[in-house]
Each structure stands twice: as C-alpha cells, then as structure tokens.
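# my questions are about this predicted structure, shown below with the sequence.
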Amino acid sequence: MIRFVVGPDGAVVPDLTATLPGRGIWLSASGDVIERARAQGGLGRAFARAARGPVHVPSDLPAVLEAALVRRISELLGLARRAGQAVAGFDKAREWLRTGRGKLILQASDGSADERARFLSGASEGISVFAPLPAATLGQVFGRDHVVHVAIAPGRLSERLGTEAWRLEGLRRNAAGGKTGYLRTDADGANG
C-alpha cells in the first residue's frame with residue numbers, strides 16, 4: 001500500500017516513507033487503482049471523502065509516483081552498495097546467490113529474458129526477484145554503464161528495497177491484468 005496526504009494547497013501528495021504529517025490516505029499499490037484515483041470520478045471522490053474535504057488529484061499522479069519509486073529504489077540500492085550489502089555483475093551476484101548471501105535479486109528490466117533465467121537457474125527457494133529498473137539506471141548506482149544482475153544481502157535495506165520494488169511492480173501492472181485494490185485512511189488502522 002502507498003500512503004498519500006493532502007498538502008496545504010489541497011493537492012494529493014504521495015508519502016512513500018509514511019512520515020509526512022497529516023491524515024494518511026492508504027491506497028493499494030496497483031496501477032488500476034492509481035489510474036482511477038487520477039480520474040475525475042471514482043477514487044478522486046474517495047480521496048475527498050477520506051480527506052474530509054475537497055482535494056486536487058494531479059493528472060500526472062501515476063507518473064509522479066513512478067518517478068518517486070524509481071528514485072527511492074535507486075537511493076536504497078546506493079545505500080546498500082555503500083554498506084557492502086549489494087554487489088553487481090553476473091559473477092559476483094551469482095556467487096552471493098549460490099552461497100546464500102544474497103536474498104534479494106534485482107535484475108535489469110531491459111535485460112535478456114534468457115540471460116536473467118540462466119542467472120537464476122539453480123537458485124534456492126526463498127529468493128525474491130524483481131526487475132524494477134533498466135540496466136542503465138542500475139549501472140548508475142554502481143558507477144558503470146549498465147548492470148543487469150544485483151544481489152542484496154538480507155537485512156532492513158533488503159526488506160525496504162523489496163517493498164519498494166513490489167510497489168513499483170504493482171504500479172506498472174496493467175489495469176486489465178492487475179488486481180483491484182482499495183483505499184483506507186490512517187484511522188482505519190493501516191500500517192503500510
């Protein structure tokens with residue numbers, strides 16, 4: 001789920017870290033739900049009801065949210081790299097995967113499907129795999145032109161990266177193929 005708050009100007013603002021002040025409005029991290037929230041009717045009215053007042057839902061809400069999630073994943077991955085909890089490249093990441101040191105795998109979304117499958121062959125169960133960013137964006141984090149395979153050690157950074165990658169995946173999910181989500185407020189007991 002993704003938390004939103006209403007800014008001083010009445011605009012709905014994504015709160016990915018769930019730390020902004022104000023009454024939170026929680027929305028499923030699903031592309032179809034976000035798109036309906038952007039629309040004039042539907043969840044746009046639900047946002048107003050949850051906020052108990054008029055709100056403005058930006059027309060580019062899905063794009064703003066996707067850019068924020070990409071930035072957040074890049075920042076968290078940079079933290080993991082600097083902390084020695086992430087390695088990049090086929091051989092290094094595969095070694096972490098083989099020895100059980102890597103519990104989260106990020107692969108380039110534009111990487112070869114065959115190569116990504118070959119990398120994961122023989123991986124033990126319990127490994128989370130996401131493809132949230134293109135190779136060039138992953139490469140920027142590691143100071144390279146491009147990176148296709150990244151292994152992240154278990155821990156809080158890995159958990160946060162997995163959560164953000166899952167949110168981004170849900171946001172990108174096509175409305176026709178995605179599940180329907182829902183909206184609730186902080187008062188409903190949402191914890192993200």
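Yep, it's here.

# hang on, Leu106 in a helix?
No - going by DSSP: H, G, I helix; E, B strand; the rest coil, the assignment for Leu106 is strand, not a helix.

# all helices of the chain, in order?
Applying DSSP state H to the chain gives helices spanning 31-38, 43-51, 61-82, 90-99, 113-120, 135-141, 156-172.

# measure the spatially most central residue of the chain to Gly53 for me?
In the chain, the residue lying closest to the centroid (C-alpha atoms, centre = their mean) is Glu164, at 2.9 Å. Distance, Glu164 to Gly53, using C-beta to C-beta, to the nearest Å: 30 Å. All C-beta spots, glycine's among them, are computed from the backbone N, C-alpha and C.

# now do the same for the residue nearest to Ala48 when sequence neighbours are not counted: its pLDDT.
Spatial nearest neighbour of Ala48, chain neighbours left out: Val55 (5.0 Å); criterion: C-beta to C-beta, 6 or more residues apart in numbering. For Val55, the model assigns a pLDDT of 81.

# which stretches of the protein have low pLDDT?
For the chain, residues meeting the criterion pLDDT under 70 lie at 37-44, 46, 174-192.

# and for it, the residue most distant from the center?
Gly53 (28.8 Å).

# how much space is there between His149 and Gly126?
His149 is 18 Å from Gly126, by C-beta to C-beta.

# neighbour-wise, which of these two wins?
His149 (26 against 8; other C-beta atoms under 10 Å).

# who's in contact with that one?
Shown in contact with His149 (C-beta atoms under 8 Å, 6 or more residues apart in numbering): Ala88, Gly89, Phe90, Ala93, Arg94, Ile105, Leu106, Gln107, Ala108, Gly111, Arg116, Phe119.

# domains in the chain, as residue ranges please.
By the assignment in automatic domain parsing, the chain contains the domains 2-60+173-188, 65-172.

# ok, and the closest non-adjacent residue to Asp145?
Gly139 (5.3 Å).

# what about that neighbour, how many neighbours?
17.

# and if you look at the one 3 residues further on?
A total of 17 residues lie near Phe142 under the criterion other C-beta under 10 Å.
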